[in-house]
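S.K.: coords below, sequence missing:
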């Protein structure tokens, strides 16, 4: 960047020196001088246009970056919400696993009870079978009465019926527990399926977030590059402005040398009078009679002069703000028609002061012509970088831009 700045500075200085070398003893800028100044101004205005375009690019990138950042933040929130859902489903699965485990333990206990009862009943039935009629006969013979015998036989039947009923009950409970376990397992399967779907969604969101983050970083990089480019353009535009200031200083220096040379010689009365006509008073009159509204004030290099306009500006008269010699009168055209003075007039008033009148619709003077304060020099227009008929008016003192409002009488 420093190398480019130095190159621009050397190029501008070369132009300035070239301009200084061709200044003539007649103190009238040649076409080469005007062209060199025009070239410097065009370079400055091209850089200003690039800055404007780059500013728009930066603004657009900032908007895009802000939107992309918002999108990334939204994805992060969605991922967080999905993760919370996954955590909740994991909790449900853990609880269901605990319930399934508890039901399995219940089933195991019921199955053990059933097996134990069945085994006891099997042993009883086996004993009864082996005893056969003898057992029944013993019950009959050992009974004290028919009632006692009936009760004993009934008791044996009740024991068998009880064991059978207990087995049936235990089996029923076991089947109920198995059904409950299956229901819990079905719930767990549904929760697991939901978790799988949400995990898949989380993965998709994660991929989107990575892509969005990458796009965001690219935009941030482009924004940083554009801001660096803006800084570079500002430095180059400042160098171009310095070169223009140098051109004016060199021109004023040559003017003073020419005036001194003329004064020390044996000039005629007409020559002396001519020299006096070219020197202004240093006190300016308003350049647009009857049109005094300032639509844009002086802002240094941000706005190098004042803009004068009203609702009906086109074609209004422009007069010389002070007496002097026309440096340039014509068109400054970069080919794009943008960020230029358009048709403009420059007047050297002597004593280091010069004025510029830009965006004219036409001019009525020519380079080298002597003009007097208040003389018509052009008409208000809308040429060059202009978005409505107005006069752009600049004042330079010793080659440096200054606020025109400080010099009106």
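M.R.: Arrived safely. Small disclaimer: the values here were computed from a predicted structure and weren't measured.
S.K.: could you pull out the helices for this protein?
M.R.: Here the chain has its helices, by DSSP state H, at 2-21, 31-142, 146-264, 269-278.
S.K.: Compare those and give me the one nearest residue 386.
M.R.: helix 31-142 (12.3 Å; CB to CB). Where you see a C-beta, it was placed from the backbone N, CA and C, and this is true even at glycine.
S.K.: what angle do that closest one and helix 146-264 make?
M.R.: Taking axes from the mean of the first three to the mean of the last three CA atoms, to 10 degrees, one finds helix 31-142 and helix 146-264 inclined to each other by 170 degrees.
S.K.: Spit out the contact partners of the closest residue in space to residue 181 that isn't next to it in sequence.
M.R.: In this structure, residue 181 finds its nearest non-sequential neighbour in residue 103, 4.0 Å apart by CB to CB, 6 or more residues apart in numbering. Neighbour list for residue 103: 177, 180, 181, 184 [criterion: CB atoms under 8 Å, 6 or more residues apart in numbering].
S.K.: follow-up on the earlier one: out of the helices of the chain, which is closest to residue 382?
M.R.: Residue 382 sits nearest to helix 31-142 of all these, at 16.5 Å, using CB to CB.
S.K.: For this protein, which element, helix or strand, carries the lowest mean pLDDT?
M.R.: Lowest mean confidence among the helices and strands of the chain (mean pLDDT, DSSP states H and E): helix 269-278, at a mean of 39.
S.K.: quick revisit: from the contacts of residue 103, which two are the most distant?
M.R.: 177 and 184 (10.5 Å).
S.K.: if we can go back for a sec, buried subset of the contacts of residue 103, written for ChimeraX?
M.R.: Filtering these down to the buried ones (16 or more other CB atoms under 10 Å) takes a single ChimeraX command:
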select :177,180,181,184
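S.K.: roughly how far apart are the residue nearest to residue 55 when sequence neighbours are not counted and residue 296?
M.R.: Of all residues not flanking residue 55 in the chain, residue 230 sits nearest, at 6.8 Å (CB to CB, 6+ apart). Noted for residue 230: a distance of 22 Å to residue 296, by CB to CB, to the nearest Å.
S.K.: Who has more neighbours out of these two?
M.R.: residue 230 (16 against 13; other CB atoms under 10 Å).
S.K.: The more buried one against residue 61, yeah?
M.R.: No - counting by CB atoms under 8 Å, residue 230 stays clear of residue 61, with 11.2 Å between them.
S.K.: Mind splitting this protein into its structural domains?
M.R.: 1-265, 276-409 (automatic domain parsing).
S.K.: Pick the most deeply packed of those domains.
M.R.: Of all those, domain 276-409 has the most neighbours on average by mean count of other CB atoms under 10 Å, namely a mean of 19.
S.K.: Quick check: which ranges of the protein have low pLDDT?
M.R.: Scanning the chain for pLDDT under 70 picks out the ranges 1-35, 121, 124-146, 148-157, 159-160, 259-280, 332-339.
S.K.: rerun at 50
M.R.: Residue ranges of the chain with pLDDT under 50: 1-27, 133-134, 263-277, 334-339.
S.K.: Please report how far residue 163 lies from residue 120.
M.R.: Note on residue 163: its distance to residue 120, by CB to CB, is 7 Å.
S.K.: got the contact list for residue 383?
M.R.: Counting by CB under 8 Å, 6+ apart, residue 383 touches 331, 342, 343, 359, 360, 361.
S.K.: actually residue 403, not the one I wrote
M.R.: 298, 395.
S.K.: heads up, I number from 36, so please use that
M.R.: Noted, 36 is the first residue going forward, which turns the last one into residue 438.
S.K.: Dihedrals phi and psi, it?
M.R.: Backbone geometry at residue 438, expressed as degrees, to the nearest 10, gives phi -70, psi 120.
S.K.: and the gap between it and residue 281?
M.R.: Separation of residue 438 from residue 281 (CB to CB): 21 Å.
S.K.: and if you look at residue 442?
M.R.: 22 Å.
S.K.: Same question for residue 79.
M.R.: 12 Å.
S.K.: Please enumerate the shared neighbours of the two.
M.R.: Shared contacts of residue 79 and residue 281, defined by CB under 8 Å, 6+ apart, are absent.
S.K.: Show me the residue sitting in the middle of the protein in space.
M.R.: residue 97 (1.4 Å; CA atoms, centre = their mean).
S.K.: starting at the chain centroid, how far to stretch 76-90?
M.R.: 22 Å (CA atoms, centre = their mean, to the nearest Å).
S.K.: Same check on stretch 97-104?
M.R.: In this view, stretch 97-104 has its centroid 4 Å away from the chain centroid, taken as CA atoms, centre = their mean.
S.K.: Likewise for stretch 236-248?
M.R.: Its chain's average C-alpha position is 21 Å from that of stretch 236-248, according to CA atoms, centre = their mean.
S.K.: Check stretch 338-348 too.
M.R.: 34 Å.
S.K.: isn't residue 107 right up against residue 243?
M.R.: No - with contact defined as CB under 8 Å, residue 107 and residue 243 do not form a contacting pair (9.4 Å).
S.K.: How about the contacts made by the residue nearest to the centre of the chain?
M.R.: Residue 97 neighbours (CB under 8 Å, 6+ apart): residue 258.
S.K.: Next one: the nearest residue to residue 241 once chain neighbours are set aside from residue 227, what distance?
M.R.: Nearest in space to residue 241, with sequence neighbours left out and distances taken as CB to CB, 6+ apart, is residue 114 at 6.4 Å. As defined by CB to CB, residue 114 lies at a distance of 21 Å from residue 227.
S.K.: Residue 323 too?
M.R.: Residue 323 is 84 Å from residue 227, by CB to CB.
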